[in-house]
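**Student:** Sequence first, predicted model second:
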Amino acid sequence: MHMNKEVIVSGIQPTGDMHLGNYLGALKDFVDLQNKFECYFFIADLHSITGDNDPQEKPKQIIDAVETLLAVGLDPKKCTIFIQSHIPAHTELAWIFNTITPMGELERMTQYKDKSGKQKNNINVGLFDYPVLQAADILLYHANFVPVGADQVQHLELTNVIARKFNNKYGEYFHEIKPYIQKPLRIMSLTNPERKMSKSEPASTINIFDEPEIIKKKLAKAVTATDAPQGQMPKGVANLFSLLEMFGSMNTLHKFKKEYDHGTIKYSELKNAIAEEIANYFAEIRQAKSKISGNKKDTYLILEQGAAKAGNVASRTLRAVKEKIGLI
């Protein structure tokens, strides 16, 4: 562990293919962060089973998530990559935190309300207790920062509440965690630009490992004729230009902006150009993923080494916590 570096902890859920929003909102930043911080990146498999879980698909999803991290450029020599459930200290510390977390704090969590609404037939205790496990994920490694989107800030605030409650009851040990907030990038759905791109709507998303023909077909169905006040760009069109700005060349962007301003734009040509630019942007990443997928032995070795390193840090934290609360 590089003691001179500040620590960042972040997890991703293994719940299917990663789309453009996942890439820009997390994965791309991870690659930059590993060069500046001591980073722990984990596959949040325990969190993922609070949703609708298919035990036949889960192992594939977990390994696919690891391979995705490696394909986008995470280097196990620069960061620690591991699977959450491989470190029992996560759930053990979460249980200890349960004993000091007020019910009222969890009842006000907006994500619990949102997720409960989406899975009405599976409103489980894990869904309710999710933020406490998240606090354990973070505090086990004494993170200084956690990369968060706007929807996770409330959970991070609860992590600090739990840390303060522990310190007040058992003596100073955990420090405050700060959010590492990048400029928010919202990639909107291709079919409903009022909503964010989501894994739950596969037809409206572009996944980072989609082949060029698939990208082209999905973009062909992207809406353009959405309502907009006079003089404003329709949201569907604005979404397309946003994709071009993020993944395309400046020349291509200027060309189509000029055509839009002059009223000569052909949306089929714009969509084809975006499809080509996105396919080219992710070409190397697709190739890397294909190569990594063909060598599972190396991936499992990376996970084994990551679990050993993360486990050492987590075990030290858990020992100190148990000592403070009087467990022998």
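**Tutor:** On my side now, so go ahead.
**Student:** Might you report the residue contacts of Tyr112?
**Tutor:** Tyr112 sits next to Leu106, Leu127, Phe128, Tyr130, Pro131 when contact means C-beta atoms under 8 Å, 6 or more residues apart in numbering. For the C-beta atoms, the positions are set from N, CA and C on the backbone; glycine is no exception.
**Student:** Repeat that for Lys118.
**Tutor:** Applying C-beta under 8 Å, 6+ apart to Lys118 gives the contacts Ser200.
**Student:** Run the chain-centre distance for stretch 22-42.
**Tutor:** 10 Å (C-alpha atoms, centre = their mean, to the nearest Å).
**Student:** got it, and stretch 252-266?
**Tutor:** Using C-alpha atoms, centre = their mean, the offset of stretch 252-266 from its chain centre is 34 Å.
**Student:** Over that stretch, what's the mean pLDDT, rounded is fine.
**Tutor:** Average pLDDT, stretch 252-266: 95.
**Student:** Could I get the CA-only coordinates of that stretch as PDB?
**Tutor:** Coordinates of the C-alpha atoms in stretch 252-266 are reproduced here as PDB (Å, rounded to 0.1, in the frame of the first residue of the first chain):
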ATOM      1  CA  THR A 252     -17.500  16.000 -37.800                       C
ATOM      2  CA  LEU A 253     -19.300  17.900 -35.000                       C
ATOM      3  CA  HIS A 254     -18.800  21.300 -36.700                       C
ATOM      4  CA  LYS A 255     -20.000  19.900 -40.100                       C
ATOM      5  CA  PHE A 256     -23.300  18.700 -38.700                       C
ATOM      6  CA  LYS A 257     -23.800  21.700 -36.400                       C
ATOM      7  CA  LYS A 258     -23.400  23.900 -39.500                       C
ATOM      8  CA  GLU A 259     -25.900  21.800 -41.400                       C
ATOM      9  CA  TYR A 260     -28.400  22.000 -38.400                       C
ATOM     10  CA  ASP A 261     -28.100  25.800 -38.200                       C
ATOM     11  CA  HIS A 262     -28.700  26.100 -42.000                       C
ATOM     12  CA  GLY A 263     -31.600  23.600 -41.900                       C
ATOM     13  CA  THR A 264     -30.000  21.200 -44.300                       C
ATOM     14  CA  ILE A 265     -29.200  18.400 -41.900                       C
ATOM     15  CA  LYS A 266     -30.100  14.800 -42.700                       C
END
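**Student:** And that stretch, what's buried?
**Tutor:** By 16 or more other C-beta atoms under 10 Å, the buried positions in stretch 252-266 come out as Thr252, Leu253, Lys255, Phe256, Tyr260, Ile265.
**Student:** packing partners for the helix or strand hosting Tyr260?
**Tutor:** Secondary-structure assignment from DSSP states H and E places Tyr260 in helix 250-262. Packing contacts for helix 250-262, counted by 3 or more C-beta pairs under 8 Å, 6 or more residues apart in numbering; DSSP states H and E, involve helix 235-247, helix 267-281.
**Student:** out of the contacts of Tyr112, who has the most neighbours?
**Tutor:** Greatest neighbour count in those, by other C-beta atoms under 10 Å, goes to Pro131: 25 neighbours.
**Student:** measure stretch 243-253 end to end?
**Tutor:** In stretch 243-253, first residue to last residue: 10 Å (C-alpha to C-alpha, to the nearest Å).
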